[in-house]
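In: structure for the following, please:
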Amino acid sequence: VYPDDFSNLDRHVSEYDGIVLGHTHVQGVREVAGGFVLNPGSVGQPRDGDPRAGYAVLDTTADGSDAVETHRVEYDIDRVAEAVREADLPELTADRLYEGE
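Out: A predicted model of the protein is given here:
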């Protein structure tokens with residue numbers, strides 16, 4: 001589920017304080033149905049045009065989207081891309097690190 005579609009999860013959020021999901025590699029947090037939906041992003045292979053590593057911190061004592069802080073940090077993309085190549089993974093896997101797509 002991409003952040004633009006988080007509101008479609010309203011029936012699920014109403015049962016919980018929030019939902020944390022992933023797989024799309026696209027960071028986002030939205031208030032939905034009195035709770036939140038969070039995708040913390042991707043430490044490797046982001047798909048949202050931002051090559052920095054994405055992560056989130058969840059404060060389980062806070063309410064709603066105030067419970068979530070999303071972050072981005074720089075990392076040594078050259079080093080990771082080289083490790084990808086050395087592992088004989090597809091070149092696209094290394095190349096997309098630079099663009100975050």
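In: so who does the residue lying closest to residue 21 once chain neighbours are set aside touch?
Out: Distance criterion C-beta to C-beta, 6 or more residues apart in numbering; nearest residue to residue 21, sequence neighbours excluded, is residue 39 at 5.6 Å. For every residue, glycine as well, the C-beta is placed using N, CA and C. Contacts for residue 39 were tallied using C-beta atoms under 8 Å, 6 or more residues apart in numbering; they are 1, 3, 20-22, 24, 26-29.
In: number of residues surrounding the closest residue to residue 54 other than its chain neighbours?
Out: Once flanking residues are discounted, residue 54 sits nearest to residue 41: 2.4 Å by C-beta to C-beta, 6+ apart. Residues near residue 41, counting by other C-beta atoms under 10 Å, number 25.
In: from residue 89, how far out is residue 41?
Out: Going from residue 41 to residue 89 by C-beta to C-beta, to the nearest Å gives 21 Å.
In: any chance you could map the strands in this structure?
Out: Using DSSP state E, the strands of the chain run over 18-20, 28-32, 35-39, 53-58, 68-73.
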